[in-house]
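Enquirer: All I have is the shape, not the residue letters:
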């Protein structure tokens, strides 16, 4: 048995479970009210499936929007499949939950952000959570978009906020 509780991995699993639960609700009932999602994912992550033309255009990451038009949403245990419109062409995608870097619902200013570790000393592929607060509108990448269901992957992002628990201790 491990000598320490791995809170980081437990928290990541819980947050990915939250994303899965939200998508299962959308799969069953559709998007309620003004809810919509911006999902940024690592296009090089094992298990991601997308058209070659999209992979060429987005060689590192891509942001997709689930809002007005999507089809064939199929939520699974490890990821979800969906068909989105890119330049008036429906394209199927499969996105593992572990490939997701950000999940944002701007209608309620809620977001989760994951970032791959920079430290190569670790051999595991687990993500590191870099913010524990909901993403604000200013943190989103939805801006102008480029008309094909995605946003510019080279657009600069807001810095992550790191919270020290020391200020809460007595």
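Expert: Everything's here; your move. These numbers were taken from a predicted model, which means no experiment stands behind them.

Enquirer: What segments of the chain are helices?
Expert: Applying DSSP state H to the chain gives helices spanning 7-29, 52-57.

Enquirer: burial count for the nearest residue to residue 58 once chain neighbours are set aside?
Expert: Among residues not flanking residue 58 along the chain, residue 43 sits closest, at 5.1 Å (CB to CB, 6 or more residues apart in numbering). All C-beta atoms are positioned from the backbone trio N, CA, C, and that covers glycine. Applying other CB atoms under 10 Å, we find 20 residues neighbouring residue 43.

Enquirer: Please give me every residue in contact with residue 43.
Expert: With contact taken as CB atoms under 8 Å, 6 or more residues apart in numbering, residue 43 is in contact with 50, 54-55, 58-62, 99.

Enquirer: Recalculate using a threshold of 10 Å.
Expert: Contact analysis of residue 43 by CB atoms under 10 Å, 6 or more residues apart in numbering lists 50, 54-62, 93, 95, 99, 153.

Enquirer: Distance check, it against residue 110.
Expert: Residue 43 sits 24 Å away from residue 110 when distances are taken as CB to CB, to the nearest Å.

Enquirer: One more: residue 81?
Expert: Going from residue 81 to residue 110 by CB to CB gives 23 Å.

Enquirer: out of the helices of the chain, nearest to residue 104?
Expert: helix 7-29 (10.9 Å; CB to CB).

Enquirer: excluding its backbone neighbours, what's nearest residue 71?
Expert: residue 83 (4.3 Å).

Enquirer: Report the beta-bridge partners for that neighbour.
Expert: residue 71, residue 92 (DSSP bridges).

Enquirer: swap in residue 38?
Expert: Residues in beta-bridge contact with residue 38 (DSSP bridges): residue 65, residue 104.

Enquirer: Just to check, it is in contact with residue 104?
Expert: Yes - contact criterion CB atoms under 10 Å: residue 38 and residue 104 qualify, at 4.4 Å.
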